[in-house]
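Enquirer: Test case, fold it:
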Amino acid sequence: MDQTLDAVLPANVPADRVVDIDIYMPPGIAEHGFHKAWSDLCANNPAVVWTPRNEGHWIALGGQALQDVQSDAQRFSSRVIVLPKSVGELHGLIPTTIDPPEHRPYRKLLNDNLNPAAIRGLTERIRATAVELIESFASRGHCNFTTEFAEQFPIRVFMQLVDIDASEAPKIRHWAECMTRPGMDMTFEQARAAFFAYVGPLVDERSTNPGDDMLSAMLTADFAGRRLTRDEAVSLSTQVLIAGLDTVVNVLGFIIRELADNPTLRADLKARGPDVTPVVNELFRRFGLVSIAREVRHDIEFHGVHLKAGDMIAIPTQVHGLDSRINPDPLAIDPARTRARHSTFGSGPHMCPGQELARKEVAITLEEWLRRIPDFRLAPTSDLSPVPGIVGALRRVELEWSN
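Expert: As a prediction, the model looks like this:
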């Protein structure tokens, strides 16, 4: 081990648990791709390791260890969920940085607007958006999937849900990326300030003149006998916008890139018609992509190491689905796989409230895309290089097909 790293090693960190992993650009990602790199790290390391990167923190590299961290708010707090810790302490958005039981009323506001019944009511609107986009380039024989579909479809759907003009999306998504990716043109603090400046007047207007959109519903809902304060409303609305404008965009890129190279999977999905839901869970297992963190509440023994109160532990959620001890042959996509375990949507009290919307968007994409473009391939102009950050991404997926 490098002597420099050894010199700064905390007393509770055994030397044999030290690895050099930057969770935002892990070793092997450039050569093998995002998911293979994480699968290899999971297979070749203990369940919990320490890295000196990003101010020094633990990483859960075993699927069970990761689920244990996510699910146990008594031992692992969500007070800080972004690394490095000095940046994460600036985050403070509702409800992702609040622990139970305090977070439950805020979470209920999200659940009430994103539950399965609510999403079923959006099905035809989602489908119409997907069809319109696909048909805009289907006859052309090629497309930049990233810019012409992935960065359009879920964002249009979400902007309709919150009743914000779609033309605002690029600006809002840029702020979100500045809060989730290193090396952007705004600091974390600057991007958060831009969000608050934008969301504040929106909150004021929707509180006074509510519409039938998700933000209005949350701002006017009964909240333990009162309404949200303005500060609460701005924080919660900012979190909603950040969450709604990035994750599905990127998971669609990974899925379509796989389908371009996997004619067997394309044929299986096409034969299923509208019955693709069982495969959607397998795709989300295979293509998890969010790396967040938790703060250790108290000194504890955990998977063979001693964690100190205040330590940070990263939970790259993709690890759970890619752990071969939990899902055999995890890099293979098996439409017949049953009870695939993963943490793509998290687990425990902070499980993603938007998971039903994400599943619906992916299912409709698969159904409508394969109905119109059943056979396609990656274009040589694609750039599949990794994009560093909290959310894994491919830089540019371009496709071509014969008409």
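Enquirer: got the CA coordinates for stretch 363-372 in CSV?
Expert: What follows is stretch 363-372 as a C-alpha-only set of coordinates in CSV (Å, rounded to 0.1, in the frame of the first residue of the first chain):
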residue,chain,number,x,y,z
ALA,A,363,-41.9,-0.3,-20.1
ILE,A,364,-43.7,2.1,-22.5
THR,A,365,-40.4,3.0,-24.2
LEU,A,366,-39.6,-0.7,-24.8
GLU,A,367,-43.1,-1.5,-26.1
GLU,A,368,-43.4,1.5,-28.4
TRP,A,369,-39.8,1.5,-29.6
LEU,A,370,-39.7,-2.1,-30.6
ARG,A,371,-43.1,-1.8,-32.3
ARG,A,372,-41.7,0.8,-34.6
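Enquirer: what ranges do the strands span in the stretch 301-403 of the chain?
Expert: Chain-ordered strands for the stretch 301-403 of the chain, with DSSP state E, counting those that start in this stretch as the definition, fall at 305-307, 312-316, 377-378, 383-386, 394-396, 398-400.
Enquirer: Equivalent analysis for the stretch 1-150 of the chain, please.
Expert: With DSSP E, counting those that start in this stretch as the criterion, the stretch 1-150 of the chain has strands at 48-51, 57-60, 76-77, 142-144.
Enquirer: Of the ones you listed, flag the one that's most buried.
Expert: Comparing the strands of the stretch 1-150 of the chain by mean neighbour count (mean count of other C-beta atoms under 10 Å), strand 57-60 ranks first with a mean of 27. Using the backbone N, CA and C atoms, a C-beta is placed for each residue, glycine as well.
Enquirer: List the contacts of it.
Expert: 19, 21, 23, 47-51, 66, 68-69, 83-85, 293, 305, 307, 311-316, 319 (C-beta atoms under 8 Å, 6 or more residues apart in numbering).
Enquirer: With stretch 141-159 instead?
Expert: Looking at stretch 141-159 with C-beta under 8 Å, 6+ apart, the contacting residues turn out to be 122, 125-126, 129-130, 133-134, 136-137, 165-166, 168-169, 173, 244-245, 248-250, 252-253, 256, 357-358, 361, 365, 379, 394-403.
Enquirer: Show me which of the residues you listed are buried.
Expert: Neighbour-count burial (16 or more other C-beta atoms under 10 Å) is assigned, among the contacts of stretch 141-159, to 122, 126, 129-130, 133-134, 137, 169, 173, 244-245, 248-250, 252-253, 256, 357-358, 361, 365, 379, 394, 396-401.
Enquirer: Restricted to helices, list these.
Expert: Under the assignment DSSP state H, the buried ones among the contacts of stretch 141-159 contribute 126, 129-130, 133-134, 169, 173, 244, 248-250, 252-253, 256, 357-358, 361, 365 to helices.
Enquirer: Which helix runs longest in the protein?
Expert: Across the chain, the helix with the greatest residue count (assigned by DSSP H) is helix 188-208.
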